[in-house]
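# Predicted model and sequence follow; I will ask about them next.
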Amino acid sequence: MERLQSESIRGADLVFACIGPALEIYSKYSKVEDAEGREIPLGGNPEAADPHERGFLAYVWETVGRVALEQVLGTAEAKARNGAAGAVEEDARLTALFLWTLQGTNGQSGSGTTTAEDGEEEVDEPNEDEEETTSSKKAKGFTLVYDVVRRFAQPLGIHLPDWEGRILETKKGVVRLLAVSERAKQLFGDAGASAVADRLEEQREVSPQMLLFPEMQQAAAPKIKARRKKADATVSDDDLQGRRGATTLDRVHAAMLLQASGRANALRALIKAEQQRGPDFLRLSNALSALYPTGSEEKRLIDAMLLAVPR
């Protein structure tokens, strides 16, 4: 990977360039076994509990994914599945891997995308022959073929359905990373960014964590019937998923939306609170700035937001 990157090969091109040499090693032998003599299949099941059933290619994708995460986010993120401390949350790792894979050798975003006049990504109808990246017509955000995203996510312990509707949308075999502008209601609730900005400006010590997902915070806690193993039937998977607190990625997106709405005082208050919290907010923001495609609305917003950080 280091050699290919030194030759300016990036993203999905880099991934598939690594698979060839890995297959060459595997195909030299009549079979490949682990230390206990159990055969390792080529494909296998990436989600299998037993390591020998995962398949050789799952380990190849995992290795590529971990190296990519270490490069863009740091060592802790690359070891996150093994319980390493200090890693940002799963949605940030997934977003970083998605954008890293989207990069092209020519320095542009993945094939099949065009930049719209407003800076958002607009994409054409997918071609059945395209295998690396594909897209849905005139949808904002960035897209990759589902199988590519799955191959990265599963070996790293990332469960894609957990993030469906929050940062991802999957349709017809294509995964779309939601545009930041689409997350405004989700992050700020019905009252919108202006209401959150007002509270940040009025109460400088208020935690941004407590201002995001307001409807979810106001919802009642899940009801558990006495002496039963399962949660009450009235609590859906979506309800349980929605009760997650705001992540570092959520707070970065909130800052980008405050930047977009011109709420400079609220943005400075949020950034100050995040600096007091720790380094993750700025570390992730700088990583995403390097990963977002040039000319995209996200790249413009995050760079403008970073200019508001006190030096």
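Structure received. These numbers come from a predicted model, not from an experiment.

# correct me, but residue 281 touches residue 252?
Yes - here residue 281 reaches residue 252: they are 6.4 Å apart, a contact under Cβ atoms under 8 Å. For glycine as for every other residue, the C-beta is placed from the backbone atoms N, C-alpha and C.

# Comparing those two, which shows the higher neighbour count?
Using other Cβ atoms under 10 Å, the more surrounded residue of residue 281 and residue 252 is residue 252, with 25 against 22.

# so how far is residue 160 from that one?
Between residue 252 and residue 160 the distance is 21 Å, computed by Cβ to Cβ, to the nearest Å.

# and if you look at residue 251?
Taking Cβ to Cβ, one finds residue 251 at 22 Å from residue 160.

# centroid residue for this protein?
Nearest to the geometric centre of the chain sits residue 95, at 1.7 Å (Cα atoms, centre = their mean).

# In the protein, what helix or strand scores lowest on average pLDDT?
Lowest by mean pLDDT, DSSP states H and E among the helices and strands of the chain is strand 113-115, with a mean of 35.

# which intervals of the stretch 151-300 of the chain have sub-threshold pLDDT?
Counting by pLDDT under 70, the stretch 151-300 of the chain has low-confidence residues at 203-210, 214-244.

# quick one, strands of it?
Here the stretch 151-300 of the chain has its strands, by DSSP state E, counting those that start in this stretch, at 168-171, 174-177.

# quick one: pLDDT of the residue nearest to the centre of the chain?
Model confidence at residue 95, given as pLDDT, is 96.

# Alpha carbons of whichever helix or strand it is part of, in PDB - could you do that?
Assigned by DSSP states H and E, residue 95 falls within helix 90-102. Extracted in PDB, the C-alpha atoms of helix 90-102 (Å, rounded to 0.1, in the frame of the first residue of the first chain):
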ATOM      1  CA  GLU A  90     -17.900   4.000  14.600                       C
ATOM      2  CA  ASP A  91     -19.800   6.500  12.400                       C
ATOM      3  CA  ALA A  92     -16.600   8.600  12.000                       C
ATOM      4  CA  ARG A  93     -14.500   5.500  11.100                       C
ATOM      5  CA  LEU A  94     -17.100   4.400   8.600                       C
ATOM      6  CA  THR A  95     -17.300   7.900   7.000                       C
ATOM      7  CA  ALA A  96     -13.500   8.200   6.800                       C
ATOM      8  CA  LEU A  97     -13.200   4.800   5.100                       C
ATOM      9  CA  PHE A  98     -16.100   5.700   2.700                       C
ATOM     10  CA  LEU A  99     -14.400   9.000   1.700                       C
ATOM     11  CA  TRP A 100     -11.000   7.400   1.500                       C
ATOM     12  CA  THR A 101     -12.300   4.700  -0.800                       C
ATOM     13  CA  LEU A 102     -14.100   7.300  -3.000                       C
END
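
# Remind me what that helix packs against, helices and strands.
For helix 90-102, the packing partners by 3 or more Cβ pairs under 8 Å, 6 or more residues apart in numbering; DSSP states H and E come out as helix 11-26, helix 56-72, helix 75-78, strand 142-145, helix 146-153, strand 174-177, helix 248-260, helix 280-291.

# quick revisit: residues contacting the residue nearest to the centre of the chain?
167, 177, 249, 288 (Cβ atoms under 8 Å, 6 or more residues apart in numbering).

# For the residue nearest to the last one when sequence neighbours are not counted, give me the pLDDT.
Excluding the flanking residues, the one nearest residue 288 by Cβ to Cβ, 6 or more residues apart in numbering is residue 302, at 5.7 Å. pLDDT, the model's per-residue confidence, is 97 for residue 302.
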